[in-house]
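[1] Just need the structure, nothing else, for what follows:
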Amino acid sequence: MINKWINGCNMTFYQNQLNFAVWCVSSGCGVSLEHLNTPHNLLSFVFKFHTYYQVQKRLQEMSCLLPGESLFNATDNHVNMMAYKKLCNKFNVNVNSDLRFKGEDNGGLGTMYNCVTRTGYRPLTGTNYNSSRF
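    Take a look at the predicted model:
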């Protein structure tokens, strides 16, 4: 699974499906943080509702299963690639775009832990995953 994540943006990862849907309905539609966090309560509500509703709609359009559904799998989730490509064309995005969130440790995978004798698990911060080493 880790090598599958590191080798490229794979749309079977739910995180990538969600990132794409959020991008489409926010940046792709011109909705920014200023819109979502405006001090005008009604405008803020409308933009937040738009974002929530449209993210659900985009995920449904790509036939992505959602957390809580019986066949949902975060690392190998169903996605209709034809619908994904259609949305990419609609929003003028390259289908090979890298949608991964690469912040934090290990390029977005999170913190690795090492088991140390008599002390338990300790986080390996600032360390990047290397399949030949770990």
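
[2] Distance check, the closest residue to Phe91 other than its chain neighbours against Ser63.
    Sequence neighbours aside, Gly28 is the residue nearest to Phe91 in space, at 4.4 Å (criterion: C-beta to C-beta, 6 or more residues apart in numbering). Placement of C-beta: from N, CA and C, glycine included. Applying C-beta to C-beta, to the nearest Å, the value for Gly28 to Ser63 is 19 Å.

[3] So which of these two has more stuff around it?
    Gly28 (18 against 14; other C-beta atoms under 10 Å).

[4] thought that one was touching Cys88?
    No. At 10.2 Å, Gly28 does not count as touching Cys88 under the criterion of C-beta atoms under 8 Å.

[5] At the geometric centre of the protein, which residue do we find?
    Gln15 (2.9 Å; C-alpha atoms, centre = their mean).

[6] secondary structure class for it?
    Secondary structure, DSSP: H, G, I helix; E, B strand; the rest coil: Gln15 is helix.

[7] What does the pLDDT read for it?
    Predicted confidence (pLDDT) for Gln15: 85.

[8] Next secondary structure after the helix ranked longest in the chain?
    Using DSSP state H to define each element, the chain has its longest helix at helix 41-61. Where DSSP states H and E defines the elements, the next helix or strand beyond helix 41-61 is helix 81-90.

[9] Under the pLDDT cut-off, which ranges of this protein? List them.
    1-8, 100-110, 126-134 (pLDDT under 70).

[10] Go again with 80.
    The model of the chain has pLDDT under 80 over residues 1-9, 33, 98-115, 122-134.

[11] Most distant residue from the centre of it?
    For the chain, the residue at maximal distance from the C-alpha centroid (C-alpha atoms, centre = their mean) is Arg118, at 36.8 Å.

[12] tell me the contacts of it?
    Taking C-beta atoms under 8 Å, 6 or more residues apart in numbering, we find Arg118 in contact with no residue.
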